[in-house]
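1. sequence and computational prediction follow.
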Amino acid sequence: MNEMHKLFPSKEAFITFSLYIILFVFQGVFITASKTENGGYDYNTTLVVFLSELLKLIISATLYTYKQENKPNIFKAMCINYNLLLLYFIPSLLYCFYNNLAFINLSHFDPTSYYILLQFRVVLTAILFQCLFKKKLSFIQWISLAILTVGCMIKNFDAAAIQSVSTTDGNSFGGAFLSKQIFNIYFLSIHFQNFCSCLAGTYNEYLLKTKGSHVDIFLQNVYMYLDSVICNFFILMYKGELGTIFSDFQSLNDVFVILITVNSAIVGIVTSFFLKNLNSILKTYASALELIITAVVCYILFNILITWCTIISICLVIIAVAMYFKNPVNNTSPIMSRDMREKKSLLDV
């Protein structure tokens, strides 16, 4: 029970953890369902990301205004903390790259392979976490992360081998396999997506718990998503899609595109609470658990086979998660820690 209390300081933290996993599984399924027969998309994916960020901004601003109690109005508050607004451009730009790359990479990987390949961010997240928060992970925690990474690598090589076999004969398997691994642009693309995810998530947690610990979380979300809207606007401009933006709206009337946009907005809000109340290390384990659920769901919905390598990979992920749950990282925000101490003192009285 003590380990569980360290892992989830409150009931709300556990709900946030569970909701985060469920919503991301939905996102992968919705994006896969929205693909055309040739694996592409018949709608403007950059516009969908832009609209998702705009919806996040509207929701965050509405929630801040709704729960405003003796707080400055949103425009005055933004002026007071303008330096924090500028700092949020870093994770906003990284998340912008991450969200746009998600559509590209999901068009070249099945959802299970996609989520397993994303688990290479585990070790990178741990390194960035230690650097930003000056906290060293224990030996058991590193072993758990190593097992998680090995599980991801097994599925990674499995996916590459299957692709190589389908395009080459047995004699050239080794060379084709190496070529697929190193020179495949989409393989590099998904690792750049990993880097964006790691740095954005860890730096976002850093801002939530240090520089912005005194600022309302919904106001911090306003900073994040205002910056994200600006970044995505420039992405649309760079791709030369501003001129066709109104005609592109017609392609967004598909039910799955609407679900992607709304679900993405909810995921963004939930992620901010996740990083505020939990930490980015636990977030990587939550992402690993996604692949277990995603593998089952995609087998049922899309008949995407679960290979023996996938099963072994999933087993290793479960072992790694169990080890971490026994030895969790404690990186509670200062404000949350103070509130918990106050509640404990009241109970003691």
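-> Happy to help now that I have it.

2. where does pLDDT dip in the stretch 151-300 of the chain?
-> For the stretch 151-300 of the chain, the stretches with pLDDT under 70 are 152-153, 155-184.

3. which residues in it form helices?
-> Taking DSSP state H, counting those that start in this stretch, the helices of the stretch 151-300 of the chain run over residues 173-183, 185-206, 217-238, 245-248, 255-277, 280-302.

4. for residue 25, which of the ones you listed is the nearest?
-> Nearest to residue 25 among those is helix 280-302 (4.9 Å), distances taken as Cβ to Cβ. Where C-beta positions appear, they are placed from N, C-alpha and C, glycine not excepted.

5. list the buried residues of the helix or strand just after that closest one.
-> Reading on from helix 280-302 to the C-terminus, the next helix or strand found by DSSP states H and E is helix 308-326. Neighbour-count burial for helix 308-326 flags 309, 310, 313, 314, 316, 317, 318, 320, 321, 323, 324, 325 (criterion: 16 or more other Cβ atoms under 10 Å).

6. and of these, the nearest to residue 249?
-> Checking the buried residues of helix 308-326 one by one against residue 249 (Cβ to Cβ), the nearest turns out to be residue 310, at 38.5 Å.

7. can you give me the helices for the stretch 1-150 of the chain?
-> 2-7, 11-33, 45-66, 74-80, 82-87, 89-106, 111-117, 121-133, 139-167.

8. just the buried residues of the fourth one, please?
-> For helix 74-80, the buried set under the neighbour-count rule, 16+ other Cβ under 10 Å, comprises 74, 77, 78.

9. ok now it, how far from the chain's centre?
-> Put simply, helix 74-80 sits 28 Å off its chain's centre (Cα atoms, centre = their mean, to the nearest Å).

10. give me the residues contacting that helix.
-> Helix 74-80 is contacted by residues 61, 64, 65, 71, 72, 85, 216, 219, 222, 223 when judged by Cβ atoms under 8 Å, 6 or more residues apart in numbering.

11. any chance of the helices of the stretch 151-300 of the chain in CSV with mean neighbour count and distance to residue 132 as columns?
-> Shown next, in CSV, are the helices of the stretch 151-300 of the chain (neighbours: other Cβ atoms under 10 Å; distance: least, Cβ to Cβ, whole Å):
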stretch, mean neighbour count, distance to residue 132
helix 173-183, 13, 30
helix 185-206, 20, 5
helix 217-238, 21, 17
helix 245-248, 12, 37
helix 255-277, 20, 12
helix 280-302, 21, 9
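
12. which one of those helices lies closest to residue 114?
-> Here helix 185-206 is closest among the helices of the stretch 151-300 of the chain (Cβ to Cβ), at 7.4 Å.

13. which of the contacts of helix 74-80 are buried?
-> 61, 64, 85, 216, 219, 222, 223.

14. for residue 315, see how far away the fourth one is.
-> In this structure, residue 216 and residue 315 are 42 Å apart, going by Cβ to Cβ, to the nearest Å.

15. before we move on, what about residue 194?
-> The gap separating residue 194 from residue 315 is 23 Å, by Cβ to Cβ.

16. same question for residue 133.
-> In this view, residue 133 and residue 315 are 31 Å apart by Cβ to Cβ.

17. what does residue 202 give?
-> For residue 202 relative to residue 315 (Cβ to Cβ), the value is 28 Å.

18. could you dump the buried ones among the contacts of helix 74-80 into a markdown table with distance to residue 272 added?
-> What follows is these, written out as a markdown table (distance: Cβ to Cβ, whole Å):
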| residue | distance to residue 272 |
| --- | --- |
| 61 | 14 |
| 64 | 12 |
| 85 | 15 |
| 216 | 11 |
| 219 | 11 |
| 222 | 11 |
| 223 | 11 |
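
19. and which of those is nearest residue 273?
-> For the buried ones among the contacts of helix 74-80, the residue nearest residue 273 by Cβ to Cβ is residue 216; the value is 12.5 Å.

20. which non-adjacent residue is nearest that closest one?
-> Excluding the flanking residues, the one nearest residue 216 by Cβ to Cβ, 6 or more residues apart in numbering is residue 64, at 6.2 Å.

21. please consider this matter closed, and thank you.
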